[in-house]
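Engineer: return a 3D structure for these sequence lines:
(2 chains)
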Amino acid sequence: AQSVTQLDSHVSVSEGTPVLLRCNYSSSYSPSLFWYVQHPNKGLQLLLKYTSAATLVKGINGFEAEFKKSETSFHLTKPSAHMSDAAEYFCVVSVGGSQGNLIFGKGTKLSVKP
Amino acid sequence: DAGVTQSPTHLIKTRGQQVTLRCSPKSGHDTVSWYQQALGQGPQFIFQYYEEEERQRGNFPDRFSGHQFPNYSSELNVNALLLGDSALYLCASSGGEPAYEQYFGPGTRLTVT
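Structural biologist: Prediction:
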């Protein structure tokens, strides 16, 4: 069965420093993986996606993620945090092909200190 | 181009009552999925509708039912409400390009008292 585990429930960084949000996945076949962001009182927004093409995926707002099959990881990074990055981030795996249902991790709350 | 819209924004119901939530997909999308997000948790898949039929279903009881209309809009119905049904209910649409991307609406906050 497919699942994702987000290793940190809360990450706090200072503005201008790198961001690392960790995610491990479990899948019986080649997965489709996503990172979504949820700002308070707003809907979920897709940051980036991996669908078996390049293992280094670039997303919006300077975020990147690298698919590492040997480590079953899909960590999200950003070189320099901005105050507007403070939000809840979800690592997600898709089940059952291109329009399968999405399985979400429990989320990582990112705080950015000035 | 309007994105995914949901109504109402907030709703308060009493235990045992029934509720209907509505979703209009993004233009060009024909598939609607519903998710439940309890406080402090990630969203959980309820079911997905395509061509007016339930295509996939998550681990939710039969009290949760849905419908998709010919214009691709959808409803989520919950019967015999329990306190534990209090959550943010999210609708996502897909089927445009790329086909696998799901676009989420802002959600309906349901409180059961």
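Engineer: list the contacts for residue 42?
Structural biologist: No chain specified, so I'll use chain A. Applying CB atoms under 8 Å, 6 or more residues apart in numbering or on different chains to residue A:42 gives the contacts residue B:106. Quick note: C-beta positions are derived from backbone N, CA and C, even for glycine.
Engineer: not quite, go with chain B.
Structural biologist: So residue B:42 contacts A:90, A:104, A:105, A:106, A:107 (CB under 8 Å, 6+ apart).
Engineer: report the entries of those residues that also contact chain B.
Structural biologist: A:90, A:104, A:105, A:106, A:107 (CB under 8 Å from any CB of the partner chain).
Engineer: now which of those residues would you call buried?
Structural biologist: Of the members of the ones next to chain B among the contacts of residue B:42, the ones counted as buried by neighbours, 16 or more other CB atoms under 10 Å in any protein chain shown, are A:90, A:104, A:105, A:107.
Engineer: among these, which one sits closest to chain B?
Structural biologist: Using CB to the nearest CB, residue A:104 is the member of those that lies nearest chain B, at 3.3 Å.
Engineer: possible to save the contacts of residue B:42 as CSV with distance to residue A:42?
Structural biologist: Output for these, formatted as CSV (distance: CB to CB, whole Å):
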residue, distance to residue A:42
A:90, 13
A:104, 16
A:105, 19
A:106, 19
A:107, 14
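Engineer: show me those that map onto helices.
Structural biologist: Using DSSP state H, the subset of these located in helices is empty.
Engineer: skip the chain neighbours and tell me the closest residue to the residue most central in space within chain A.
Structural biologist: Centroid-nearest residue in chain A, with CA atoms, centre = their mean: residue A:35, separated by 3.3 Å. Spatially, and ignoring its direct neighbours in sequence, residue A:35 is nearest to residue A:47 (4.3 Å; CB to CB, 6 or more residues apart in numbering or on different chains).
Engineer: what helix or strand does that neighbour sit in?
Structural biologist: Here residue A:47, judged by DSSP states H and E, is contained in strand A:44-50.
Engineer: anything in the next helix or strand after that strand near chain B?
Structural biologist: Counting by DSSP H and E, the next helix or strand C-terminal to strand A:44-50 is strand A:56-58. No - between strand A:56-58 and chain B, judged by CB under 8 Å from any CB, nothing touches; the nearest distance is 13.4 Å.
Engineer: which stretches of chain B form strands?
Structural biologist: Using DSSP state E, the strands of chain B run over residues B:5-7, B:10-13, B:19-24, B:31-37, B:44-50, B:53-57, B:64-68, B:74-78, B:87-94, B:103-104, B:108-112.
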